[in-house]
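Novice: fold the stuff below for me.
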Amino acid sequence: MVKVKVCGMTDMSLVPLLNKLTPDYVGFILTAGFKRSVSDEFVKNFSSRLSPAIRRVGVFVNDDVCRIARMVEDGIIDAVQLHGDEDGEYIQKLKSLTPVAVIKAVGVEGGRAESYPENCDMVLLDAYDKVARGGTGRRIEWRRYPEIKKPVILAGGITPENVCEAVSLVRPWGVDASGGVERDGKKDIDKIRDYILKARECNYGK
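Specialist: Residues are numbered from 1 along each chain as shown. Next comes the predicted model:
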């Protein structure tokens, strides 16, 4: 069964819906300066109401590795997603500080995926954007990327309407939606519900 992630949480009122539908992961932008950035305290409060069955992913862009490790060790997040220029040395240092699963976001442009550090645990495919660093809602070219030897999380324009098509074409380990489940720049309850329910139907035998 494909894993389901909803990213860019900024609204505490979504917790009851998430607890009811239990996506596998929810993501929080924890590096300041982005439109969906939230504070450590927000994530703590959100997590105190969130089902323990849902794993919390901290999303960072060229952030301080010691800060990230502290957040893992303090139990604020369960996994780390890196959207900046973090290389293998950076990931090695992070893992030396705390044993955490690391998702490395890889930009896709014109059907070509950027390279990724071999010591990451998963690769997230998203539309290339040097400024926004993800969450643009722009769709990437859906096809398999055989050169990627890690579990793939497919992002980049995923919506309730196209998630099953995307899964059938790419056959990823997981899917991730942020901008695709928003209306007027805010997370939309109906879109999130439809996305999670439809993604749950996308079982291709894994």
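
Novice: pLDDT at residue 52, what is it?
Specialist: On pLDDT, residue 52 comes in at 95.

Novice: what of residue 138?
Specialist: Model confidence at residue 138, given as pLDDT, is 63.

Novice: ok, for residue 36, nearest residue in space, not its chain neighbours?
Specialist: Spatial nearest neighbour of residue 36, excluding adjacent residues (Cβ to Cβ, 6 or more residues apart in numbering): residue 8 at 3.9 Å. All C-beta atoms are positioned from the backbone trio N, CA, C, and that covers glycine.

Novice: separation between the nearest residue to residue 37 once chain neighbours are set aside and residue 53?
Specialist: Spatially, and ignoring its direct neighbours in sequence, residue 37 is nearest to residue 29 (4.8 Å; Cβ to Cβ, 6+ apart). With distances taken as Cβ to Cβ, to the nearest Å, residue 29 is found 22 Å from residue 53.

Novice: so between those two, which is more surrounded?
Specialist: Of the pair residue 29 and residue 53, residue 29 is the one with more neighbours under other Cβ atoms under 10 Å, namely 26 against 9.

Novice: so who does the more buried one touch?
Specialist: 7-8, 36-38, 59, 135 (Cβ atoms under 8 Å, 6 or more residues apart in numbering).

Novice: how does it look with 10 Å?
Specialist: Residues in contact with residue 29 (Cβ atoms under 10 Å, 6 or more residues apart in numbering) are 7-10, 35-38, 43, 58-61, 81, 83, 133-135, 178.

Novice: show me which of the residues you listed are buried.
Specialist: 7-10, 36-38, 43, 58-61, 81, 83, 133-135, 178 (16 or more other Cβ atoms under 10 Å).

Novice: any low-confidence regions in this structure?
Specialist: 109-112, 128-140, 146, 203-206 (pLDDT under 70).

Novice: what about the strands in it?
Specialist: With DSSP state E, the ranges of strands along the chain come out as 3-6, 25-29, 55-60, 79-82, 101-109, 112-113, 122-127, 152-154, 174-177, 182-183, 186-187.

Novice: deepest of those strands, which one?
Specialist: Highest mean neighbour count among the strands of the chain (mean count of other Cβ atoms under 10 Å): strand 174-177, with a mean of 28.

Novice: packing partners of that strand?
Specialist: The contact analysis (3 or more Cβ pairs under 10 Å, 6 or more residues apart in numbering; DSSP states H and E) places strand 174-177 against strand 3-6, strand 25-29, strand 101-109, strand 122-127, strand 152-154, helix 163-170, helix 189-200.

Novice: can you redo those as CSV with distance to residue 17?
Specialist: Below are these laid out as CSV (distance: least, Cβ to Cβ, whole Å):
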stretch, distance to residue 17
strand 3-6, 10
strand 25-29, 11
strand 101-109, 23
strand 122-127, 23
strand 152-154, 21
helix 163-170, 17
helix 189-200, 6
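
Novice: ok, which of those comes nearest residue 142?
Specialist: Residue 142 sits nearest to helix 163-170 of all the helices and strands packed on strand 174-177, at 4.5 Å, using Cβ to Cβ.

Novice: how far does stretch 53-72 stretch from start to finish?
Specialist: Stretch 53-72 has an end-to-end distance of 17 Å (Cα to Cα, to the nearest Å).

Novice: chain neighbours aside, what residue packs nearest to residue 94?
Specialist: Residue 94 sits nearest to residue 65 (Cβ to Cβ, 6+ apart), 5.0 Å away.
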